[in-house]
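Novice: model the following, please.
(2 chains)
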Amino acid sequence: MADVGLVDVSLRDGNQSLWGATGLRTAHIAQVAPLMERVGFRALDYSSSTAMGVAVRTHREDPWERLRLTRAAMPTTKLQFIGTGFRFISWQNSHPETMQLVYDRLVVNGIDRVVVLDPMHDMDAARETARRLKQAGVDEVIGALTFTISVVHDDAFYADLAGQFAADPNFDRVYVKDPAGILSAERARTLLPAIVARLQGTPLELHSHATIGLSPMTYSIAPELGVEVVQVGSGALGNGSSLPEARRTVANLRAMGHRVDIDDRALGMVCDFFDGLAVAEELPVGRPQDFDAAFLHHQIAGGVMTTTRRQLSEIGMEHRFDALVEEVGVVRAEMGHPIMVTPFPQMVVSQALFNVIGERYANVPDQVIRYVLGSFGRPTAPIDPTVKDRILDRPRARELASEPPPPPPAELRKRFRRGISDEELLLRAHMPEDQVDAMLAAAPAPRHFNPSLAPVLTLLHELGSRTSVHDLAVTTPGLRMSVRRASGGTSVG
Amino acid sequence: MGRVASTGRRIHRLLIANRGEIAARVIRTCGRLGIESVLAASDADLESLPARLADRVVRLGPADAARSYLDPAAVVRAARAVEADAVHPGYGFLSENPSLARACAAAGIVFIGPTPESLEAVGDKLTARSHAVAAGLPVVPGGEAADLAGAQAVAAEVGYPLLVKAVGGGGGRGMKLVAGPGDLARTLDLAVSEAAAAFGDPRVYLERFVSSGRHVELQILGDGSRAVALGDRDCSVQRRYQKLFEEAPAPLLSDALRAEMTAAALALAGHLRYRGLGTVELLVDRARGTFYFLEMNARIQVEHPVTEMVTGLDLVAEQIAVAEGLPLRIRQEDVVLTGHAVECRINAEDWTTGFRPSPGRIDRVVLPVGEGLRVDTHVQGGSDVPPHYDSLLAKLIVHGTDRDDAVARARAALDLLRIEGVATTVPVHQALLADPEFAAGGVDTTFFERFLDQQLVGAR
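Specialist: This is a model prediction of the structure:
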């Protein structure tokens, strides 16, 4: 029997895996944050540079303001940011001093836990990022052991990395990150003890997606193998390609004899909120998944699958989905088996998409060229030499190879209006400026959202646009609402 | 702006030891924060709207408030029975009663309010006054009068006219005006015997009577080590010291006076190492352009929504947070006041017959809704207004871009609002909002009685 803590990923990974990273807005988060605070989660997987970019681009909402509001509503819960340490919002690498500024501002605005995610497992880079995070004042720095199945990624490989994290005082905790959800209970029984043996007491967390239904079982035995915290999604934002659902996980852990000290009632309210939000905004609900053996081959994680289907249907090629999945496996092998976690699924899938709709490697996205040029670090296995030559033998590759190094913050400041905040500078430096302008023009973001009011608000909105309607009364048991068009044109009820 | 450590206890289940609109108000914040609300209701309130809004209801005692809402032992018993983590006392009843705060502490239950020491420091008017003096606040010239000789000595200093006030009184109760030296002896005797009968405390004190004063109060919030001021409110529209209409910010005050008043309120909060919501009531002397400390209310106020509208804060949530031992999450520089807010207290009273209470069955309720409109109420069609308690039915709160806008919108909202079945004070608010002197802003505490006389004359 063990005490097991929970980290909830609904707001970041849940939203990204199930709702294409675009489902949640500031109003939703501001509304649910006080409820999540009351549950007693150890931390929330809260944001990433992708999520911050989406806030600006898709919703015209300030991600920094959103963070400050969340921190005010959640004074005691750790809020986690996840990043590679190389980039902020854009796909291009940032100057190390710019990354330092990013971390400094994240801490000032409320982030106190950061995951260092380097799927290449380049430990020198990870140690340098952890050092910078501690310099910024991050309370908890988490090292990621990104799990995959391959000939090189055996138990000893992960145990060695775990030992390296444990030896660096800048890492406070370690987690096994299984973005594809392919860590079976069977493998966990050898892998987790091998890792724990090298951690020397550094706490271990487990993050395994529910994509093919394996992780609920892995979670239920994880505490006896030394895992202290499991990561979950709540209600509609659990299951599917997100993480195991929170309430089910709690019930399973307790059934296994473990103690989970949370406010079950508050957790129920959080789940109900996401369920209600999914209905109100017509967003998909995470459901328990069937086992899918083919998935062990392509390993397309989380939201990438959803996004890819959408992209295919947008170009009228939904019928080529199976061919695309096949090509993803081939491209991944040619690229040297990158672990399918951000940014590599997007990179591999978009290359596979170009290969399926046209001649193979005729079109190559910039981020693939950059990967082959080594901007993302050293690939785990060598890139197929024929493919490498094919990619680098094009003018765009030579252009990118001769790009100047990224500018430091002092250089960036000269490019923008004087007197803007560091937060605004970081957005302007990494995004098209018109998107930042549009965000500022739309401020402030709404701070309340009641899913059960959505139908009524839709009705009122539609009525407002129909000038022929002057009076409307709705009567149901327990409610009578009347709306009258005032002479000035505004309606009161 | 990082995470903070709580020194207190997380509240998961909260007992609300109150009734009426403030019970509904606290329940709403509990719902938003994921706290389970349990309403402690007397027999007269078991079917009330708050009882239906709460997650659970526990019987507190009979309808008689002395044996329910005013009985600390009954409240603690109810809290224990439902295993509540905390008790919210609302306003009135036991909200400023140190013995409830102590009994909660003894039972391991969080009392959502200041420490018993703070309650004692400000609950007694004389102690409060001495704390105010110690904190450097100006007080109305005056002093305690143990006997006639003592009273005459104080009167010689402060001059006539003066007020005789009961130490245990409050909310306008236990106050008498003395016009000249000839009335002092008789009024003093009467005041002492009445104070003994009404408050169980015969002590009285004398104070200079300010002929034209405005009632302006400062909202403060403290965590025990730091406090912030959340703006002021004007509550000068009163009838027999009962507030009818409040607004934030107080109109037509100079920036310098406002800043001095804010500094004074913060000084008192600092002196008391105050934790919780508190209101520092000040008397603004219109003639002298200065202010005096009146008293401090160590609880949430009826009129708190006007402050919420202009600050954008949920004061009940802030109150709960500091009671949980969390440090303040607001810095003084974060407090930004936007626009102007007004509140009309709608009571079940017949204003044409001396505001006689009008309990009974509510037939129909229609509430205005819209941007900047808020109605805090505990009644709906079919509700009973029991005769045992105060007559407050609802508060109409309206937020506007400025005072004129707020008042104009309040007028429109009052025209839409319907509470039928009992007599209400809606008509008197409609008349008030149409009055030119009121519309100009900054009326004193004698204004409303004069206004009322004119109205009644006009009605005849």
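Novice: from the stretch 101-250 of chain B, which residue is nearest to chain A?
Specialist: residue B:223 (11.3 Å; CB to the nearest CB). Bear in mind the C-beta positions are built from the backbone N, C-alpha and C, glycine included.
Novice: can you give me the end-to-end span of stretch A:297-307?
Specialist: With CA to CA, to the nearest Å as the measure, the ends of stretch A:297-307 fall 19 Å from one another.
Novice: which stretches of the stretch 101-250 of chain B form strands?
Specialist: Assigned by DSSP state E, counting those that start in this stretch, the stretch 101-250 of chain B shows strands spanning B:110-111, B:142-144, B:162-170, B:173-178, B:204-208, B:213-223, B:227-239, B:242-248.
Novice: for the residue of the stretch 101-250 of chain B closest to chain A, give me its contacts.
Specialist: Each residue near residue B:223 by CB atoms under 8 Å, 6 or more residues apart in numbering or on different chains is listed here: B:275, B:322, B:326-328.
Novice: which of these are buried? Put it as a PyMOL command.
Specialist: Of the contacts of residue B:223, the buried ones can be selected in PyMOL as follows, counting by 16 or more other CB atoms under 10 Å in any protein chain shown:
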select buried, chain B and resi 275+322+326+328
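Novice: which ones, among the contacts of residue B:223, also lie beside chain A?
Specialist: Taking CB under 8 Å from any CB of the partner chain as the test, chain A is in contact with B:326-327 out of the contacts of residue B:223.
Novice: which one of the contacts of residue B:223 sits closest to chain A?
Specialist: For these, the nearest to chain A is residue B:326 (5.4 Å; CB to the nearest CB).
Novice: not counting sequence-adjacent ones, nearest residue to residue B:347?
Specialist: residue B:391 (4.4 Å; CB to CB, 6 or more residues apart in numbering or on different chains).
Novice: from memory the one you found sits against residue B:378, does it?
Specialist: No - at 11.8 Å, residue B:391 does not count as touching residue B:378 under the criterion of CB atoms under 8 Å.
Novice: mind putting the contacts of residue B:223 into CSV with distance to residue A:423 and secondary structure?
Specialist: Below are the contacts of residue B:223 laid out as CSV (distance: CB to CB, whole Å; DSSP: H, G, I helix; E, B strand; the rest coil):
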residue, distance to residue A:423, secondary structure
B:275, 33, strand
B:322, 29, helix
B:326, 25, coil
B:327, 24, coil
B:328, 23, coil
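Novice: closest one of the contacts of residue B:223 to residue A:286?
Specialist: residue B:326 (32.8 Å; CB to CB).
Novice: what distance do you get for the closest one to residue A:80?
Specialist: 21 Å (CB to CB, to the nearest Å).
Novice: next up, the contacts around residue B:457.
Specialist: Per CB under 8 Å, 6+ apart, neighbours of residue B:457: none.
Novice: name the SS class of it, please.
Specialist: Assigned with DSSP: H, G, I helix; E, B strand; the rest coil, residue B:457 falls in the helix class.
Novice: from residue B:450, how far out is it?
Specialist: 11 Å.
Novice: next: residue A:396.
Specialist: For residue A:396, the distance to residue B:450 - CB to CB - is 84 Å.
Novice: these two touch, right, residue A:258 and residue A:5?
Specialist: No - at 10.6 Å, residue A:258 does not count as touching residue A:5 under the criterion of CB under 8 Å.
Novice: can you give me the neighbour number for residue B:28?
Specialist: When neighbours are counted by other CB atoms under 10 Å in any protein chain shown, residue B:28 registers 16.
Novice: ok, for it, nearest residue in space, not its chain neighbours?
Specialist: That would be residue B:53: by CB to CB, 6+ apart, it lies 7.6 Å from residue B:28.
Novice: now do the contacts for the one you found.
Specialist: B:24, B:27-28, B:37, B:39.
Novice: just put these in TSV and tack on secondary structure and pLDDT.
Specialist: Converted to TSV, the contacts of residue B:53 look like this (DSSP: H, G, I helix; E, B strand; the rest coil; pLDDT from 0 to 100):
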residue	secondary structure	pLDDT
B:24	helix	98
B:27	helix	98
B:28	helix	97
B:37	strand	98
B:39	strand	98
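Novice: of those, closest to chain A?
Specialist: Using CB to the nearest CB, residue B:37 is the member of the contacts of residue B:53 that sits closest to chain A, with 11.2 Å.
Novice: find the helix or strand that the closest residue to the closest one other than its chain neighbours is a member of.
Specialist: The spatial neighbour of residue B:37 that comes closest, neighbours along the chain excluded (CB to CB, 6+ apart), is residue B:30 at 4.0 Å. According to DSSP states H and E, residue B:30 maps onto helix B:20-33.
Novice: and if you look at residue B:58?
Specialist: Under the assignment here (DSSP H and E), residue B:58 is part of strand B:56-61.
Novice: how many other residues sit next to the nearest residue to residue B:62 once chain neighbours are set aside?
Specialist: Residue nearest to residue B:62 in three dimensions, not counting chain neighbours: residue B:43, with 5.3 Å by CB to CB, 6+ apart. Per other CB under 10 Å, the neighbour tally for residue B:43 reads 16.
Novice: surely residue B:43 is in contact with residue B:65?
Specialist: No - with contact defined as CB under 8 Å, residue B:43 does not reach residue B:65; the gap is 11.3 Å.
Novice: re earlier: could you give the number of residues near the residue nearest to residue B:37?
Specialist: 24.
Novice: so the residue nearest to residue B:347 versus residue A:91, what's the distance?
Specialist: In terms of CB to CB, residue B:391 sits 66 Å off from residue A:91.
Novice: over to residue B:54?
Specialist: 52 Å.
Novice: okay, these two: which has more neighbours?
Specialist: Between residue B:54 and residue A:91, counting by other CB under 10 Å, residue B:54 is the more crowded of the two (25 against 16).
Novice: ok, and the closest non-adjacent residue to that one?
Specialist: Nearest non-adjacent residue to residue B:54, counting by CB to CB, 6+ apart: residue B:39, 3.8 Å away.
Novice: list the contacts of that neighbour.
Specialist: Residues in contact with residue B:39 (CB under 8 Å, 6+ apart) are B:15-16, B:23, B:27, B:45, B:50-51, B:53-54, B:56-58.
Novice: drop anything exposed from the residues you listed.
Specialist: Buried, going by 16+ other CB under 10 Å: B:15-16, B:23, B:27, B:45, B:50-51, B:53-54, B:57-58, out of the contacts of residue B:39.
Novice: show me what the helix or strand where residue B:267 lies is packed against.
Specialist: According to DSSP H and E, residue B:267 maps onto helix B:255-271. Judged by 3 or more CB pairs under 8 Å, 6 or more residues apart in numbering or on different chains; DSSP states H and E, helix B:255-271 is in contact with helix B:125-134, strand B:213-223, strand B:227-239, strand B:275-285, strand B:290-297.
Novice: mean confidence for it?
Specialist: Averaging pLDDT along helix B:255-271 gives 97.
Novice: ok, now stretch A:100-116?
Specialist: So the average pLDDT for stretch A:100-116 ends up being 97.
Novice: tell me how far stretch B:185-201 lies from the chain's centre.
Specialist: The chain centroid and the centroid of stretch B:185-201 are separated by 25 Å under CA atoms, centre = their mean, to the nearest Å.
Novice: I meant stretch B:428-443, not that one.
Specialist: On CA atoms, centre = their mean, the centre of stretch B:428-443 falls 22 Å from the chain's centre.
Novice: for that stretch, give me every contacting residue.
Specialist: By CB under 8 Å, 6+ apart, stretch B:428-443 touches B:214, B:234, B:236-237, B:244-245, B:250-253, B:286, B:344, B:346, B:351, B:396, B:403-404, B:407, B:410-411, B:414-415, B:447-448, B:451-452, B:455.
Novice: can you pull the contacts of the residue positioned nearest the centre of chain B?
Specialist: Using CA atoms, centre = their mean, the residue of chain B that lies closest to the mean C-alpha position is residue B:301, 3.3 Å off. Residue B:301 makes contact with B:91, B:217, B:219, B:279, according to CB under 8 Å, 6+ apart.
Novice: possible to save those residues as a markdown table with pLDDT and distance to residue A:404?
Specialist: Listed next are the contacts of residue B:301 as a markdown table, based on pLDDT from 0 to 100; distance: CB to CB, whole Å:
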| residue | pLDDT | distance to residue A:404 |
| --- | --- | --- |
| B:91 | 97 | 66 |
| B:217 | 98 | 62 |
| B:219 | 98 | 56 |
| B:279 | 98 | 61 |
